[in-house]
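1. Compute the structure for the input listed below.
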Amino acid sequence: MKAVVVYGADDLRVVEVEKPVPGPGEVLIAMEWGGICGSDIAYWRHAVSGTAVLKEPLTLGHEMAGRVVELGEGVDGIEVGTPTTVHPATLVGDGVMPEVLAGRTNLYPRTRYFGSAAMYPHEAGGFSEFRTARVDQLRVLPETVSTRHGAVAEPLGVALHAVNRSGGVRGKRVLVNGCGPIGSLVVAAAKYSGADSVVAADLATSSLEVASNMGADTVVDRSEGEPLPSDVDVVFEASGASRALGDVFLAARPGGTVVQVGNMPRGEVPAALGQLVTREIEYKGSFRFIDEITDAVAAMSQGLDVEPLLTHTFDIDDALQAFETAGDRSTGSSKVMLKLS
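-> Numbers count the residues shown, from 1 in each chain. Now for the predicted structure:
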């Protein structure tokens, strides 16, 4: 079968690999769609994503959906042909969290994740024609959610988790700073969760257009020097640019909340943090999700439309071109999709 494999920095190939066989409690999925994430791009460009360093060839992809084509031993309650997306995480060990972190499995210290080099051997991702998954990882898609949209459940889960980390946005004024794919999904998640108004800010006109189509009430073009709003209740910082933090903290009202959902660069970064103290801002991190991927499927079934996010589509054989497009903001790309089969 074909798979999109990274061998090192600037070395991405579509190669033939062995088709997997489902084991006990597993199913075989014929993958149909995959969405390219920033971490996929990082492995391709640098052979590193965050603290995870590539040590062997890795099939990429943790945003995907397809249809069950084979059942492993002991599997029941799932039929061949069932459309599904996949929760990409596997806890390694007993899975028990300390009481202070009860339920926050996204913070479990040893986790395998589809398409990740965080552990060795690495965990193959889903950018391939077939992939096995445990039954408990499946998130069955209802008839109203296509597999194309189902592949976006994972990053939408990230966005919904960020909204949950804020303490809730119903009836509140919200700012999303940085409108790449995650930022634009946070816009949609905030509107879906009852935000009174959502302002989206970015340097790229194309990103602001996507954010507007995803539900932003107002956009701020930072490339034109437009100022951020002031006195918003909740800010989602999705750019990952430390230099933006000073303005972001000023945008939040005194006693407001800032959720950091964009990954910051590795190592030390300069940031203006004075307003964090004098305005008593609550500054929170947000990492992946717990089970908000399930909520994401439900949200899409209830009308949350991710189609405006999906700006480009490529066949699996054109994966390198797809990555080049996703990694170049000048192309106007947001979420770039791979047709896997």
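2. for this protein, what spans make up the helices?
-> 38-46, 147-150, 153-165, 181-192, 205-213, 245-251, 274-278, 292-301, 319-326 (DSSP state H).
3. Just say which of those helices is most tucked in.
-> Ranked by mean neighbour count, the helices of the chain are led by helix 181-192 with a mean of 29 (mean count of other CB atoms under 10 Å). Quick note: C-beta positions are derived from backbone N, CA and C, even for glycine.
4. Let me see the contact set for the residue most central in space within the chain.
-> For the chain, the residue nearest the mean C-alpha position is residue 155 (2.7 Å; CA atoms, centre = their mean). Residues in contact with residue 155 (CB atoms under 8 Å, 6 or more residues apart in numbering) are 35, 37, 63, 181, 182, 185, 335.
5. Distance of the fourth one relative to residue 20?
-> Plainly put, residue 181 is 28 Å away from residue 20 if you go by CB to CB, to the nearest Å.
6. Also the first one?
-> Noted for residue 35: a distance of 21 Å to residue 20, by CB to CB.
7. The two: which is more packed in?
-> Neighbours per residue, other CB atoms under 10 Å: of residue 35 and residue 20, the larger number sits with residue 35, 26 against 17.
8. Show me what that one is bridged to.
-> residue 337 (DSSP bridges).
9. Surely it and residue 153 touch.
-> No: using CB atoms under 8 Å, residue 35 is not in contact with residue 153; the gap is 9.6 Å.
10. Can you pull the residues that touch both of these two?
-> Contacts common to residue 35 and residue 153, judged by CB under 8 Å, 6+ apart, are residue 63.
11. that older thread, show me which of the contacts of residue 155 is closest to residue 228.
-> residue 182 (18.5 Å; CB to CB).
12. On the pLDDT front, check the closest one for me.
-> You'll see residue 182 listed with a pLDDT of 98.
13. So that it lines up with my notes, have the first residue be 26 from now on.
-> With 26 as the first residue, the last one maps to residue 207.
14. is it true that it touches residue 186?
-> No: applying CB under 8 Å, one finds residue 207 not in contact with residue 186, separated by 10.7 Å.
15. And for the nearest residue to residue 288 once chain neighbours are set aside, the neighbour number?
-> Nearest non-adjacent residue to residue 288, counting by CB to CB, 6 or more residues apart in numbering: residue 265, 5.0 Å away. Residue 265 sits with 19 neighbouring residues when counted by other CB under 10 Å.
16. For residue 265, give me its contacts.
-> So, once contact is read as CB under 8 Å, 6+ apart, residue 265 ends up touching 203, 287, 288, 289, 290.
17. likewise residue 246?
-> Applying CB under 8 Å, 6+ apart, the residues near residue 246 are 226, 227, 228, 230, 233.
18. where's the fourth one relative to residue 48, distance?
-> Counting by CB to CB, the gap from residue 230 to residue 48 is 49 Å.
19. neighbours of the nearest residue to residue 282 once chain neighbours are set aside, just the number please.
-> Of all residues not flanking residue 282 in the chain, residue 307 sits nearest, at 4.5 Å (CB to CB, 6+ apart). Residue 307 has 14 neighbours, counted by other CB under 10 Å.
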